[in-house]
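Enquirer: 3D model of this:
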Amino acid sequence: MALNKNKIYLENLQLEAANSIKNITSKEEIENWRIDYLGRKGKISDFFQTFKNLKSKEKNELGSLANSIKNTLEKLYEKKSQSLDKQNNVKNEFFDFTLPSTPISAGSIHPTNQMMQEICEAFNKLGFNIFEGPEIESETYAFDKLNIPTNHPARDIWDTIYVKNVNKIKSLVLRPHTSPMQIRIMENNKPPIRVIIPGKCYRYEATDNTHEWHFHQIEGLVIDKNINFSNMKSTLFEFARIIFGEDTKSRFRCDFFPFVEPGAEMSINFKQNEWLELMGAGMVHPKVLMNVGLNPEEYSGFAFGLGIERAAMIKYGIENIRDFYANDYQFLKQFK
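Expert: Numbering: from 1, shown residues only. You can find the predicted model right below:
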């Protein structure tokens, strides 16, 4: 009988303590609560004093229950004390509402897209219109009409990625260059033509510091009567000055591309006595003009192809093309 009575007392004591601690709002009140229930002369200690007249079995059972309740109350005390400390800190903390807020890490335009926009704006100032074209091309536009027939050795220059063609028409490829748009534009537009074509290109080649399996390119095309090599040089030299600065020095050297004749490589003076290739260019080949129904005796023109990543690497001093696509925030945030 005494055992049950003591159990009921302990359970009521725990309930009483738990209810009373909920209404405590100050450090002084929580300290008084601790003394009342957990102190040396508190209610838990007083209960242990009644053990003298109990049997051994009852002592063990009630002692275990009393210790469990004591541990529960100690946890309630710790939790409430911490809560009151936080409230006091908030009340005492001074907050200056005039301070600037924490900067937001907003996104920005990717450096490749930034470079493409700059280049498009530069050529737009020079009177060029902007076109876009398909990234999946037929061999007809990617090679044949560009004076690169099936058995031409120059096809090895482009490590072409072929696309599975369920319709079994002319082989399809992921365009290895933006030059196919030269043909499409000349087929659908009469001279004079003055356009640039930005877009992605794809090649099956090893990745290193200056090569990626996909990259961005801008193709340029000018077709009209009496267009000559000097027109091309002056246009591209002026473009280089707009993008890289008024003091930029440029040069042309002979190069080979099947769809231009003569062909050239344009380089700019990046550092003292260091020339870096910027683009390939040349006068549109007479066979290319004939492939689109233009008379090479009447019309002439020039074309060029510029790598966007290469231009950005030169302008910003980037040594590894893979940095553009590594998704490294520390790298990308430099271009905000």
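
Enquirer: What helices and strands are in contact with the longest helix along the chain?
Expert: Longest helix of the chain, by residue count under DSSP state H: helix 56-92. Here helix 56-92 touches helix 2-22, helix 27-38, helix 43-49, going by 3 or more C-beta pairs under 8 Å, 6 or more residues apart in numbering; DSSP states H and E. For the C-beta atoms, the positions are set from N, CA and C on the backbone; glycine is no exception.

Enquirer: who wins for proximity to Phe97 among the ones you listed?
Expert: Using C-beta to C-beta as the measure, helix 27-38 is the one of those that comes nearest Phe97, at 28.4 Å.

Enquirer: Give the buried residues for that closest one.
Expert: In terms of neighbour count (16 or more other C-beta atoms under 10 Å), helix 27-38 has its buried residues at 30, 33-34, 37-38.

Enquirer: Quickly list the domain ranges of this protein.
Expert: Domain segmentation of the chain under automatic domain parsing yields 2-92, 113-335.

Enquirer: what about those, which gets the closest to Ser105?
Expert: Of all the domains of the chain, it is domain 113-335 that lies closest to Ser105, at 7.9 Å by C-beta to C-beta.

Enquirer: what's the span of the closest one from first residue to last?
Expert: Terminal residues of domain 113-335 lie 11 Å apart, using C-alpha to C-alpha, to the nearest Å.

Enquirer: Figure out which of the helices and strands packed on helix 56-92 is closest to Ile183.
Expert: When the helices and strands packed on helix 56-92 are compared for distance to Ile183 using C-beta to C-beta, the nearest one is helix 2-22, at 82.2 Å.

Enquirer: which strands and helices sit next to that closest one?
Expert: Judged by 3+ C-beta pairs under 8 Å, 6+ apart, the packing partners of helix 2-22 are helix 27-38, helix 43-49, helix 56-92.

Enquirer: Among the domains of the chain, which comes closest to Ala106?
Expert: Nearest to Ala106, of all the domains of the chain, is domain 113-335, at 9.9 Å by C-beta to C-beta.

Enquirer: how distant is that closest one from the center of its chain?
Expert: Offset of domain 113-335 from its chain centre (C-alpha atoms, centre = their mean, to the nearest Å): 25 Å.

Enquirer: all strands of this structure, in order?
Expert: For the chain, the strands identified by DSSP state E occupy 129-130, 136-138, 161-163, 172-174, 193-202, 214-224, 250-255, 260-271, 274-284, 300-307, in order along the chain.

Enquirer: In the sheet, which strands lie alongside the last one, parallel or antiparallel?
Expert: In other words, strand 300-307. strand 214-224 (antiparallel), strand 274-284 (antiparallel) (DSSP bridges).

Enquirer: re the thing from before, tabulate the domains of the chain (TSV), appending mean pLDDT.
Expert: Listed next are the domains of the chain as TSV, based on pLDDT from 0 to 100:
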stretch	mean pLDDT
domain 2-92	78
domain 113-335	90
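
Enquirer: Tabulate these (a markdown table), appending distance to Ala106.
Expert: A markdown table is the format used below for the domains of the chain (distance: least, C-beta to C-beta, whole Å):
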| stretch | distance to Ala106 |
| --- | --- |
| domain 2-92 | 30 |
| domain 113-335 | 10 |
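
Enquirer: hey, which of those domains is tucked in deepest?
Expert: With neighbours defined as mean count of other C-beta atoms under 10 Å, these peak in mean count at domain 113-335, which reaches a mean of 17.

Enquirer: returning to that earlier point: nearest to Gln330, of the strands paired with strand 300-307?
Expert: Nearest of the strands paired with strand 300-307 (C-beta to C-beta): strand 214-224, 22.4 Å.

Enquirer: contacting residues around Asn147?
Expert: Residues in contact with Asn147 (C-beta atoms under 8 Å, 6 or more residues apart in numbering) are 258-259, 285, 287-288, 291.
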